[in-house]
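Asker: could you look at this predicted model? Sequence included:
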Amino acid sequence: MNKQPKYLPIDITFKDLKYTVATKNGDKVILNNIEGICKSGEITAILGSSGAGKTSLLNGLCQRLQVDQNHRLEGSILANQKKYTSKSFPNFASYVMQDDILPETLTVRECISFAADFKIKGSKEEKEKKVDEVIKTLKLERCQNTLIGGNFIKGVSGGERKRTSIGFELVSNPQVIFLDEPTSGLDSFTAYILINELREYAHNTRKTVIFTIHQPSTDIWQMFDRIILMIHGQIIYQGPGREQILNYFSKNSFVCPHNSNPGDYFLSIMHSESSTNVQNFPTYLENYQQQLQGLVHQEIEQSNVSDLEKRQQVLNIFQQIPLIIKRCLKINFRNPILVKSRTIQSIIMATYIGLIWFQLPDGKNDPTNIVDVQNRAGLIYFLSVSVFMESVNPCVLTFPVDKATFLREENAKLYGQFAYFTGKFLVDILSNLPLPILDTLIAYFMTGLRLETGAFFFYLITMIIMSITGVSVGYFVGTLFKDANTSMSMMPMIVIPFMLFSGFYKNRSDYASWIGWVEYLSPFKYAFQALCINEFEVTYFIPNPIKSYNFEFSKGEALGLLIVYMIIVSMIAFFLLSIFKKKLQ
Ligand SMILES: Nc1ncnc2c1ncn2[C@@H]1O[C@H](COP(=O)(O)OP(=O)(O)OP(=O)(O)O)[C@@H](O)[C@H]1O
């Protein structure tokens, strides 16, 4: 029996492809019954004026188009004449999105190695070898140990960042690679280098490279093996680039002027702002149908046929989690904002609290002084809020960004949601751990809270749990909203009602019955009860302040319920992420 080659060249074909979106003004046809082929060993560029349907076609081929009651996709999309779905897509293909979503605090090499760890079977050396190969192919040797960078860290250039995104996908050796406007934001020389690298990659390894592109320079235009030109969701040319496309159009009386950039010329005859162009559209379509469609049809019929490879996950969930933890630790601890500034902020805040509530009277000399009781209760409440805020804020800010990385990597089948969530959650807990400890060590003794070992450790544990609860609530809010700004602006609406129902501002016996149930949703209630009982269970104050608060739980029960609350909120965040995942992709 003939053994099949390890990696089969793959031709991507599409037939009768129609994508219709229901709008207020009726159905809008975005892709109008088109067929075509993108061949292995070639780079195919999809061009057209703005709104022509390039991205929709690319997304369709990647099985990333939204399909539901209002979004209908008809026709077939095939790889080597076999149907594939969004689930089987990562078995043979990769998609490089327009935005480079890479962690700022990792180096180029670390980013590519991360993908290699998940996608390549074999020893550490074999993975390293593959990473070296990709770095060499994409000419990233000089910047391989430079951080990606971003707002706060100086990092690699735009072109290097784009090539890192491509390397991240190439390392798994996909037979087909799709790229959405890979040259956008790059200068013409960097864009040229990038397309040239993709071309060499396609030619040398018989891979299929397909991308959309805006305004290619003449040099870039000359590199396209195959070109698809689109207007209004239809194809007006598909076939070889260079001389052939020029000959085809000049034969039909559309002559690209000598010395002008063919890319600019074809865009100029395709954009729908000009009435002459619009008048010519039927001619373009007619010419295409009469002169090229038959050929394309033949090419589709003669395209490669083979079964599609089924790639198994290289790592199981227990191997995935440690790698995710390792990367999240690097990301968190290299971030100057997350580490240095938060630690300094925490020390300053705890010292500030310590000075404001410095050595509070414990009631020994004046047991009936209600002001001293009030001060002590206010301090306890504020400490629990402060430690919660210290952990919720960074999560709300960073989770929407991390979510984008997760969606991209989960889409590429690097790992599953459970592994990601567990790994990231553990690292965020660990990264936050020093803060409640620091706060406690400074504020507890400066303010003169109850000096007894058991009480101190109970307080410390409650503060740590409150800090972890902040992480859970941060994930919850970060999952609910799409970006950090919305999450940040919505957070007060979610957190402030919880504060009001902590039992500190208003006595819990006094809540109106129709709204009183909200107190059970407040983490501050459980923390305040636990800490308040811990502080006043042994006290000189008369009467014992615990009685006036009408607490319903013992301090152990309150702490236990805070833990349960934290677990439930984390689980809700996990399920919300799985629900919203599809939408966000
Ligand atoms: N989900 C959708 N609902 C409504 N209209 C849509 C949807 N998706 C795409 N369109 C419309 O379909 C047309 C084609 O969109 P597409 O993004 O594919 O164009 P494009 O050629 O990539 O444009 P550009 O170069 O500007 O990105 C546009 O008019 C766009 O507004």
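Answerer: That came in fine, so what should we check first? In this text, all values refer to a predicted model and were calculated from it rather than measured experimentally.

Asker: Y192 sits in which helix or strand?
Answerer: Assessed by DSSP states H and E, Y192 sits inside helix 188-205.

Asker: which residues touch S509?
Answerer: N550 (CB atoms under 8 Å, 6 or more residues apart in numbering). All C-beta atoms are positioned from the backbone trio N, CA, C, and that covers glycine.

Asker: helix, strand or coil for it?
Answerer: Using DSSP: H, G, I helix; E, B strand; the rest coil, the secondary structure recorded for S509 is helix.

Asker: oh, and call the first residue 15 from now on, that's how I've got it
Answerer: Let's use 15 as the start, then, which means that last one is S523.

Asker: the ligand versus that one, what's the distance?
Answerer: Distance, S523 to the ligand, by CB to the nearest ligand atom, to the nearest Å: 53 Å.

Asker: what do you get for I227?
Answerer: Distance from I227 to the ligand, by CB to the nearest ligand atom: 10 Å.

Asker: repeat for V145
Answerer: Using CB to the nearest ligand atom, one gets 33 Å for the distance from V145 to the ligand.

Asker: do L374 as well
Answerer: Distance, L374 to the ligand, by CB to the nearest ligand atom: 61 Å.

Asker: and stretch 192-203, which residues are buried?
Answerer: F192, L193, D194, E195, P196, T197, L200 (16 or more other CB atoms under 10 Å).

Asker: for the stretch 415-564 of the chain, give the residue positioned nearest to the ligand.
Answerer: For the stretch 415-564 of the chain, the residue closest to the ligand is K496, as judged by CB to the nearest ligand atom, at 16.2 Å.

Asker: and that residue, how many residues sit next to it?
Answerer: By the criterion of other CB atoms under 10 Å, K496 has 15 neighbours.

Asker: same check on the one 5 residues further on?
Answerer: Under the neighbour criterion other CB under 10 Å, S501 is assigned a count of 22.

Asker: tell me the residues of the protein that contact the ligand?
Answerer: Neighbours of the ligand within the chain, by CB under 6 Å from any ligand atom: V35, T37, K42, I44, G62, S64, G65, A66, G67, K68, T69, S70.

Asker: hang on, the fourth one in a strand?
Answerer: Think I44. Yes - under three-state DSSP, I44 sits within a strand.

Asker: just the strands in the stretch 15-164 of the chain please.
Answerer: 26-37, 40-52, 57-62, 85-93, 96-97, 107-110 (DSSP state E, counting those that start in this stretch).

Asker: would you confirm that K595 belongs to a strand?
Answerer: No - assigned with three-state DSSP, K595 falls outside any strand and is helix.

Asker: tell me the contacts of it?
Answerer: K595 makes contacts with L421, E424, Q431, as judged by CB under 8 Å, 6+ apart.

Asker: could you pull up the mean pLDDT of the helix or strand hosting Q359?
Answerer: Here Q359 sits within helix 356-370, counting by DSSP H and E. What helix 356-370 shows for mean pLDDT is 94.

Asker: and if you look at stretch 379-399?
Answerer: Mean pLDDT, computed over stretch 379-399, is 95.

Asker: buried set for it?
Answerer: Within stretch 379-399, the residues scored as buried using 16+ other CB under 10 Å are D386, V387, N389, R390, A391, L393, I394, Y395, L397, S398, V399.

Asker: mind listing which of these are in helices?
Answerer: Per DSSP state H, helices hold the following members of the buried residues of stretch 379-399: D386, V387, N389, R390, A391, L393, I394, Y395, L397, S398, V399.

Asker: among those, which two are most distant?
Answerer: Among these, the pair separated by the greatest distance (CB to CB) is D386 and V399, at 20.7 Å.

Asker: element containing the residue of the chain most remote from its centre, please.
Answerer: For the chain, the largest distance from the centre (CA atoms, centre = their mean) belongs to N379, which lies 58.3 Å off. Under DSSP H and E, no helix or strand contains N379.

Asker: distance check, it against the ligand.
Answerer: Here N379 is placed at a distance of 72 Å from the ligand (CB to the nearest ligand atom).

Asker: try L243
Answerer: 11 Å.
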